[in-house]
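S.K.: Predicted model follows, preceded by the sequence.
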Amino acid sequence: MYRTRTCGELRIADAGQQVTLAGWVQKSRKMGGMTFIDLRDRYGITQLVFNESVNAELCEKANKLGREFVIQVKGVVHERSSKNANLSTGDIEVITSELNILNAAGTPPFTIEDESDGGDDLRMKYRYLDLRRNIVRKNLEMRHKMAFEVRRYLSELGFLEVETPVLVNSTPEGARDFVVPSRMNPGQFYALPQSPQTLKQLLMVSGFDRYFQIVKCFRDEDLRADRQPEFTQIDCEMSFIEQNDVLTTFEGMSKYLFKAILNVDFQGDFPRMTWQDAMKYYGSDKPDTRFEMQFVELMDIMKGAGFSVFDNAEYIGGICAKGAANYTRKQLDELTEFVKRPQIGAKGLVYARVEGDGTVKSSVDKFYSQETLQKLKTAFEAEVGDLILILSGDNINKTRKQLSELRLEMGNRLGLRDKTKFSCLWVVDFPLLEWDEETQRYYAMHHPFTSPKPEDIPRLETNPGEVRANAYDMVINGVEVGGGSIRIYDSELQKRMFKLLGFSEEKAQAQFGFLMNAFKYGAPPHGGIAYGLDRLVSLFAGLDSIRDCIAFPKNNSGRDVMLDAPSVLDDAQLQELNIQVTVKNDIKS
């Protein structure tokens, strides 16, 4: 046997036992005639002791061990005289009697420690070494536990896990597809699924009234901290339900996961906020509600005083940062530069402080009387020591988004976005459609199969921009971790929806005819939701990026620097696939 125990399980009760351990050399320390080796495996670290006075040959062999050597040792468990409270095995050590080097190792390109000296690119290139680090391993253990608990919860509620195909048809209405050439069908391509949306709806038509799948999905889109070209969804669908049934079931799942994994209890129902209110008070459809700082609209107070920036604005709004009136001019200038960054795009920032005597001091004092500034203070329910920050603009939605970025920045600066604190809510009643000025047409805000609110259906053709969707998002700490909707299950309503989205009957039939035809044979009322497993794990683990909870992620350019993928195919492969590659603007396409 390579090992009888692991490196993380020995305790003081095991003293006197003969054990065999195997693992990697974490570090080596030579102290006089003694050599101490920290041996690491997935389960923890055990200190090994080699005594020169007892076995000089064995001790010399231990002195030649390098970091990350794979070794096997035999010895007896002893109580440590100098205990290490930072290790679960810190009360014991193994007095070693036998050492076998299973595999020598080269010097790793970075230290295998929680606080590594390796940068992101280097650790991505040697990801198999990065995964040895305790801090990364714990993320994957949490991911495993979450997937396990999801299966337990849903299985107990009668959900069946059903696998759906990875090679499907292309649906270019959403994000860009990844496509796969078919050798047996020259000139034709599969697509990798952006989600199993139509397939899970077909399962509802098939009578599988409770489906789930922990499934890989693929989207060819620009990357950021919470996006990867391939990601994992907890994908779910239910039949004979209404919106509240879905919200109740999956709010229950969220609470169950928090309790099972983090031992966090939530009392009462999660708040439900309409999309309109989310945009009005937070400027975001995924508001971070760990802290207040809601928007206050100020047109009635701030317009008409001769300050042209406000007088000519279509929207004036602000936030109140509690206790931040002591911000220095330098800090206020930093905030001004923050909102003027190109990615935010505000033209400037107006501030007002509530002084110790209750008066309000503003950066635009010369335009406003103290009486007006007191109305400003009242609007925010501001108190002594508070700082009011105001933005304005000629586009309401754009200015609200700018104010949202400022709100989040102040939340960070004031320490209000604590990663160990969780605030969950449902955002509901999204618009069904969004208008695109460039193409002069409507697009589905979620997807073409989302049902309108029943009471809004009559307005589909007369006033489509005001039609609300039977859709909902689960938001935790400002992150959209799940989203779904009640689906259209009536063929005629689905045809109206396709027509509204600019689909000809021929195009709709070509892309989605299989689904529309299936509905003709009796489709039940149904709806569902999909949680982003990567996002959920990263939130639970307090991570800044979902890459840190994915075993082998891509970098920000969508490349796997470890495997060097994507890569160029040789000519023989291309010919077999009937593909010709041309070079355009120095990019192979």
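M.R.: Now that the structure is in, tell me what you want to look at.
S.K.: Surely Val428 touches Trp275?
M.R.: Yes: counting by CB atoms under 8 Å, Trp275 is a contact partner of Val428 at 7.1 Å. Every C-beta, even on glycine, is put in place using the N, C-alpha and C of the backbone.
S.K.: what's the overlap in contacts for those two?
M.R.: Common contact partners of Val428 and Trp275 (CB atoms under 8 Å, 6 or more residues apart in numbering): none.
S.K.: check contacts around Lys145.
M.R.: Here Lys145 is in contact with Ala260, Ile261 (CB under 8 Å, 6+ apart).
S.K.: before we move on, which element is it in?
M.R.: Element membership of Lys145 [criterion: DSSP states H and E] is helix 134-156.
S.K.: any idea of the mean pLDDT in that helix?
M.R.: For helix 134-156, mean pLDDT is 97.
S.K.: Pull the distance from it to the chain's centre.
M.R.: 15 Å (CA atoms, centre = their mean, to the nearest Å).
S.K.: Can you list the buried residues in that helix?
M.R.: For helix 134-156, burial by neighbour count (16 or more other CB atoms under 10 Å) applies to Val136, Asn139, Leu140, Met142, Arg143, Met146, Glu149, Val150, Tyr153, Leu154.
S.K.: following it, which helix or strand comes up?
M.R.: strand 160-161.
S.K.: what's the following helix or strand past that following strand in contact with?
M.R.: Sequence-wise, the next helix or strand downstream of strand 160-161 (DSSP H and E) is strand 179-181. For strand 179-181, the external contacting residues (CB under 8 Å, 6+ apart) are Leu167, Ser170, Gln188, Phe189, Tyr190, Ala191, Leu192, Leu577, Asn578, Ile579.
S.K.: Now the two most distant members of the residues you listed.
M.R.: Leu192 and Asn578 (19.7 Å; CB to CB).
S.K.: Between these two, which has more neighbouring residues?
M.R.: Remark: of Leu192 and Asn578, Leu192 carries more neighbours, 20 against 13, as counted by other CB atoms under 10 Å.
S.K.: what sits against the more buried one?
M.R.: So Leu192 contacts Val166, Leu167, Val168, Asp177, Phe178, Val179, Val180, Phe218 (CB under 8 Å, 6+ apart).
S.K.: pull the CA atoms of stretch 534-544 into PDB?
M.R.: What follows is stretch 534-544, C-alpha atoms only, in PDB (Å, rounded to 0.1, in the frame of the first residue of the first chain):
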ATOM      1  CA  ASP A 534     -19.400  29.200 -11.300                       C
ATOM      2  CA  ARG A 535     -20.900  32.500 -10.100                       C
ATOM      3  CA  LEU A 536     -22.600  30.900  -7.100                       C
ATOM      4  CA  VAL A 537     -19.400  29.100  -5.900                       C
ATOM      5  CA  SER A 538     -17.300  32.300  -6.400                       C
ATOM      6  CA  LEU A 539     -19.800  34.200  -4.200                       C
ATOM      7  CA  PHE A 540     -19.800  31.600  -1.500                       C
ATOM      8  CA  ALA A 541     -16.000  31.400  -1.500                       C
ATOM      9  CA  GLY A 542     -15.600  35.200  -1.600                       C
ATOM     10  CA  LEU A 543     -13.700  35.200  -4.900                       C
ATOM     11  CA  ASP A 544     -13.100  38.100  -7.300                       C
END
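S.K.: buried residues in it?
M.R.: Buried residues in stretch 534-544 (16+ other CB under 10 Å): Asp534, Arg535, Leu536, Val537, Ser538, Leu539, Phe540, Ala541, Leu543.
S.K.: Excluding chain neighbours, give the residue nearest to the first one in space.
M.R.: Beyond its immediate neighbours in the sequence, the residue positioned closest to Asp534 (CB to CB, 6 or more residues apart in numbering) is Ile546, lying 4.0 Å away.
S.K.: How about the second one?
M.R.: Closest residue to Arg535 apart from its sequence neighbours, by CB to CB, 6+ apart: Val481 at 4.9 Å.
S.K.: did I read that right, that neighbour in a strand?
M.R.: Yes: Val481 sits within a strand when classified using DSSP: H, G, I helix; E, B strand; the rest coil.
S.K.: what about it, distance to Leu563?
M.R.: 29 Å (CB to CB, to the nearest Å).
S.K.: what about those two, which has more around it?
M.R.: Val481 (24 against 12).
S.K.: So for the more buried one, what pLDDT did the model give?
M.R.: So Val481 comes in at 97 (pLDDT).
S.K.: That one touches Leu533, doesn't it?
M.R.: No: counting by CB under 8 Å, Val481 does not reach Leu533; the two are 9.2 Å apart.
S.K.: Within the helices and strands, which one has Phe540?
M.R.: helix 533-541.
S.K.: What is the subsequent helix or strand relative to that helix?
M.R.: That would be, after helix 533-541 and using DSSP H and E, helix 571-576.
S.K.: quick one, what contacts the nearest residue to Lys520 once chain neighbours are set aside?
M.R.: Of all residues not flanking Lys520 in the chain, Ser491 sits nearest, at 5.9 Å (CB to CB, 6+ apart). Contact partners of Ser491, counting by CB under 8 Å, 6+ apart, are Met516, Phe519, Lys520.
S.K.: Please tabulate those residues in CSV and include distance to Gln509 as additional columns.
M.R.: Converted to CSV, the contacts of Ser491 look like this (distance: CB to CB, whole Å):
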residue, distance to Gln509
Met516, 7
Phe519, 13
Lys520, 13
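S.K.: Could I have the ChimeraX command that selects the buried members from those?
M.R.: Selection of buried members from the contacts of Ser491 for ChimeraX, criterion 16+ other CB under 10 Å:
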select :516,519
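S.K.: which stretch of helix or strand covers Leu515?
M.R.: Going by DSSP H and E, Leu515 is part of helix 505-519.
S.K.: angle of the helix holding Phe540 against helix 134-156?
M.R.: 120 degrees (axes from the mean of the first three to the mean of the last three CA atoms, to 10 degrees).
S.K.: burial count for Asp41?
M.R.: Around Asp41 there are 18 residues (other CB under 10 Å).
S.K.: quick one: contacts for the closest residue to Val264 other than its chain neighbours?
M.R.: Ranked by CB to CB, 6+ apart and with sequence neighbours excluded, the top spatial neighbour of Val264 is Phe258, at 4.3 Å. Contact partners of Phe258, counting by CB under 8 Å, 6+ apart, are Val264, Asp265, Phe266, Phe422, Phe540.
S.K.: which one of those residues is nearest Asp333?
M.R.: Phe422 (34.0 Å).
S.K.: Next, give phi and psi for that closest one.
M.R.: When quoted as degrees, to the nearest 10, the phi and psi of Phe422 stand at phi -130, psi 130.
S.K.: Quick check: mean pLDDT of the helix or strand encompassing Arg407?
M.R.: According to DSSP H and E, Arg407 maps onto helix 396-413. Confidence over helix 396-413 (mean pLDDT, whole number) is 97.
S.K.: Could you identify the longest strand within the chain?
M.R.: Secondary structure of the chain per DSSP state E: the longest strand is strand 18-31.
S.K.: Skip ahead from that strand and say which helix or strand is next.
M.R.: Defined by DSSP H and E, the subsequent element after strand 18-31 is strand 34-41.
S.K.: what's in contact with that following strand?
M.R.: By CB under 8 Å, 6+ apart, strand 34-41 touches 6-8, 21-30, 45-52, 59, 62-63, 65, 71, 73, 93, 96, 112, 132.
S.K.: Strand 18-31 and that strand, what's the angle between them?
M.R.: Going by the same axes, to 10 degrees, strand 34-41 makes 130 degrees with strand 18-31.
S.K.: The following helix or strand past strand 34-41 pairs with which strands?
M.R.: Under the assignment DSSP H and E, the closest C-terminal helix or strand after strand 34-41 is strand 44-51. Applying DSSP bridges, strand 44-51 is found paired with strand 34-41 (antiparallel), strand 92-103 (parallel).
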